[in-house]
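Participant: Got a predicted structure plus its sequence, pasted below:
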Amino acid sequence: MNQNGEVSPQIRKIITIVLLGSCFISLASQTMMVTALPVIQEDLHVSLNAVQWLTTGYTLIIGIVTPLSSNMYEKFTNRHVFIGIIGTFLIGTLVGCFASNFASLLIARLIQACASGMLMTFQMTTMISIYPIEKRGSILGLSSLVISAAPALGPTISGLILEFLSWRWLFILVLPLMILAFIIGYLKLPNFSTPRPIKIDYISVIISLIGSGLALGSLTVFQINFWCGLVMLISGFIVIGGFVKRQLHLKNPMLKVQIFTYPSFRWMTIVGVFTFMVLLGTEQLIPIYTEKIIGMGSFLSGLILLPGAIANAITASIVGRLYDQYGPKWLITIGAVIMLLASIPLVLVNRHSSITLLTLTYMLRMIGNAFVFSPALSEAFSNLNQEENSHGTALNNTLRQVFGAVSVTLCVVIANTPASLVTGIRYGMWATVIMVVLMILSFYRYLRIKKTEQN
């Protein structure tokens, strides 16, 4: 750091590489297990309902712990937070390497998820803090690249590993990479944040855990018992409502929910949420189609998603820089049009649809997704000050994870509702089209508010 307390370009580059690399690994780990579920089910002799908790539980824990991350960032130095997060992820990975039964394997995944939820918020908050505001679009473009590409690449990476190695290698191969991130972070990461002696409101923590746990847990219970799931969901929302009310009256809230009253943060977070829902919903439906209707293996199904993931990553890095120059209006409009055009072959899918066309269509939709997601993320933080960034990233990440899980569950339930799975896939794809439309309406609502404020 220089005399003004600013992070030097060289150190900044190291921080960026370490944070984006470790975040990529943790997010890819979230979806890598999807391809391994049938293998683990057979190897550990557990039911399909039980083994699905390796992915569902991971998502639920991320949604539950993410709101806690804003307090961690304020109470401790950034260096201590990073080392603690990566250390926790390493513990979970080690447990997974030596897991001898399903219970220990599930514990490993849940420990990893605790770290992953914190790491996403830490990465975004840190990147916003160490770069000047005029580079925010480019930086959050890189962040959205990782957030979008890592989960999309996860199934392909794990499919390749499982072609030659056992499921334990999904942990073993991750271990040295995270150890390297830990060492570099320990040696090179400077302390550029100043901890504040805030008092953590443990009542808020408990209410948050109960509310989000009930709401997120209901997503899986719905598939078993509709009425029980509904009771859990309503109860969760009531508890979350109590949590929000409490935050509004605390001097040092666990999560500064007031920032959701800022039009830029509120509406552009909603745009980003719908965009992420489209991404995860489409990504979930295509493997169901290729594996259950076409009869492809998991590895080949993962390969179909690969060009789209790569195209999304490349586009996100370019669009981030374009946002700094031109703002969000035309980028998001172009992305929305691309996503709608890519929907046409998806809603017309049948048993004889071309795999090449499906691959190209998915790639086109992922390009459109990148045109929207990166500017939406940057615009959402445009009016937040430095102290609000950690709360903004926590709130943004929490909403994205929660509604991403809702999208996956919704699309799977819709796909399995009709007698014909092909018809169900079409209905599921129509659901993603509705999400795109809602995304467009939310964005133009924001533009109208912004225009009114300027006048």
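Facilitator: Yes, it's here. Model, not experiment: these values are computed from the prediction.
Participant: my guess is Ala50 meets Ala103, correct?
Facilitator: No - Ala50 is beyond contact range of Ala103, at 10.1 Å (criterion: Cβ atoms under 8 Å). No exception for glycine: its C-beta is placed from N, CA and C like everyone else's.
Participant: can you give me the strands for the stretch 1-150 of the chain?
Facilitator: Along the stretch 1-150 of the chain, counting by DSSP state E, counting those that start in this stretch, no stretch forms strands.
Participant: just so I have it, where are all the helices in it?
Facilitator: Counting by DSSP state H, counting those that start in this stretch, the stretch 1-150 of the chain has helices at residues 9-44, 48-51, 53-65, 69-75, 78-97, 102-130, 136-164.
Participant: what angle sits between the third one and helix 78-97?
Facilitator: With axes from the mean of the first three to the mean of the last three Cα atoms, to 10 degrees defining the directions, helix 53-65 sits at 160 degrees from helix 78-97.
Participant: what mean pLDDT would you report for helix 53-65?
Facilitator: Computed over helix 53-65, the mean pLDDT rounds to 76.
Participant: do the same with the last one
Facilitator: Per-residue confidence for helix 136-164 averages out to 77 on the pLDDT scale.
Participant: Now do that helix: which elements does it pack against?
Facilitator: Counting contacts by 3 or more Cβ pairs under 8 Å, 6 or more residues apart in numbering; DSSP states H and E, helix 136-164 packs against helix 9-44, helix 102-130, helix 169-172, helix 263-289, helix 298-326, helix 355-380.
Participant: re the thing from before, quick one: closest of the helices of the stretch 1-150 of the chain to Asp201.
Facilitator: Nearest to Asp201 among the helices of the stretch 1-150 of the chain is helix 69-75; the distance by Cβ to Cβ comes to 8.5 Å.
Participant: Could you dump the helices and strands packed on helix 136-164 into JSON lines with distance to Leu421, mean neighbour count and mean pLDDT added?
Facilitator: Shown next, in JSON lines, are those (distance: least, Cβ to Cβ, whole Å; neighbours: other Cβ atoms under 10 Å; pLDDT from 0 to 100):
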{"stretch": "helix 9-44", "distance to Leu421": "18", "mean neighbour count": "20", "mean pLDDT": "82"}
{"stretch": "helix 102-130", "distance to Leu421": "28", "mean neighbour count": "23", "mean pLDDT": "85"}
{"stretch": "helix 169-172", "distance to Leu421": "28", "mean neighbour count": "20", "mean pLDDT": "91"}
{"stretch": "helix 263-289", "distance to Leu421": "8", "mean neighbour count": "24", "mean pLDDT": "87"}
{"stretch": "helix 298-326", "distance to Leu421": "15", "mean neighbour count": "20", "mean pLDDT": "81"}
{"stretch": "helix 355-380", "distance to Leu421": "15", "mean neighbour count": "25", "mean pLDDT": "90"}
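Participant: And the ones you listed: which comes nearest Phe89?
Facilitator: Here helix 102-130 is closest among these (Cβ to Cβ), at 3.7 Å.
Participant: Contact partners for Thr126?
Facilitator: Ile15, Leu19, Asn78 (Cβ atoms under 8 Å, 6 or more residues apart in numbering).
Participant: ok, so of the residues you listed, who is nearest Val437?
Facilitator: Using Cβ to Cβ, these come closest to Val437 at Leu19, 34.6 Å.
Participant: now that closest one: how far from Gly87?
Facilitator: Distance, Leu19 to Gly87, by Cβ to Cβ, to the nearest Å: 15 Å.
Participant: export the helices and strands packed on helix 136-164 to JSON lines and tack on distance to Gly63?
Facilitator: What follows is those, written out as JSON lines (distance: least, Cβ to Cβ, whole Å):
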{"stretch": "helix 9-44", "distance to Gly63": "12"}
{"stretch": "helix 102-130", "distance to Gly63": "7"}
{"stretch": "helix 169-172", "distance to Gly63": "22"}
{"stretch": "helix 263-289", "distance to Gly63": "13"}
{"stretch": "helix 298-326", "distance to Gly63": "23"}
{"stretch": "helix 355-380", "distance to Gly63": "18"}
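Participant: looking at the ones you listed, which is closest to Tyr427?
Facilitator: Comparison of these against Tyr427 by Cβ to Cβ identifies helix 263-289 as nearest, at 9.9 Å.
Participant: Run the chain-centre distance for the closest one.
Facilitator: Chain-centre distance of helix 263-289: 10 Å, with Cα atoms, centre = their mean, to the nearest Å.
Participant: Show me what that helix is packed up against.
Facilitator: Applying 3+ Cβ pairs under 8 Å, 6+ apart, one finds that helix 263-289 makes contact with helix 136-164, helix 298-326, helix 329-347, helix 355-380, helix 389-416, helix 421-454.
Participant: can you give me the angle it makes with helix 355-380?
Facilitator: 160 degrees.
Participant: Taking helix 329-347 as reference, get the angle to helix 263-289.
Facilitator: Per the same axes, to 10 degrees, the angle that helix 263-289 makes with helix 329-347 is 20 degrees.
Participant: Tell me what angle helix 263-289 forms with helix 298-326.
Facilitator: Using the same axes, to 10 degrees: helix 263-289 against helix 298-326 is 160 degrees.
Participant: in stretch 397-414, what counts as buried?
Facilitator: Applying a neighbour-count criterion of 16 or more other Cβ atoms under 10 Å, one finds 397-412, 414 buried in stretch 397-414.
Participant: swap that for stretch 88-97, sorry
Facilitator: For stretch 88-97, by 16+ other Cβ under 10 Å, it's Thr88, Phe89, Leu90, Gly92, Thr93, Leu94, Val95, Gly96, Cys97.
Participant: Quick one: mean pLDDT over it.
Facilitator: Mean predicted confidence for stretch 88-97 is 93.
Participant: One more: stretch 433-453?
Facilitator: The model assigns stretch 433-453 a mean pLDDT of 91.
Participant: Off-centre distance for it?
Facilitator: Taking the mean of its C-alpha atoms, stretch 433-453 sits 22 Å from the chain's own mean (Cα atoms, centre = their mean).
Participant: Output it as CSV - backbone C-alpha positions only.
Facilitator: Output of stretch 433-453 as CSV, limited to C-alpha atoms (Å, rounded to 0.1, in the frame of the first residue of the first chain):
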residue,chain,number,x,y,z
VAL,A,433,-39.2,-16.8,-21.1
ILE,A,434,-41.6,-15.2,-18.5
MET,A,435,-38.5,-14.5,-16.3
VAL,A,436,-36.9,-12.7,-19.2
VAL,A,437,-40.0,-10.6,-19.8
LEU,A,438,-40.2,-9.7,-16.0
MET,A,439,-36.5,-8.8,-16.2
ILE,A,440,-37.2,-6.4,-19.1
LEU,A,441,-40.1,-4.8,-17.3
SER,A,442,-38.1,-4.3,-14.1
PHE,A,443,-35.2,-2.7,-16.1
TYR,A,444,-37.5,-0.2,-17.9
ARG,A,445,-39.2,0.6,-14.7
TYR,A,446,-35.8,1.6,-13.3
LEU,A,447,-35.1,3.7,-16.4
ARG,A,448,-38.3,5.6,-16.0
ILE,A,449,-37.5,6.3,-12.3
LYS,A,450,-34.0,7.4,-13.2
LYS,A,451,-35.3,9.8,-15.9
THR,A,452,-37.8,11.3,-13.5
GLU,A,453,-35.1,11.9,-10.9
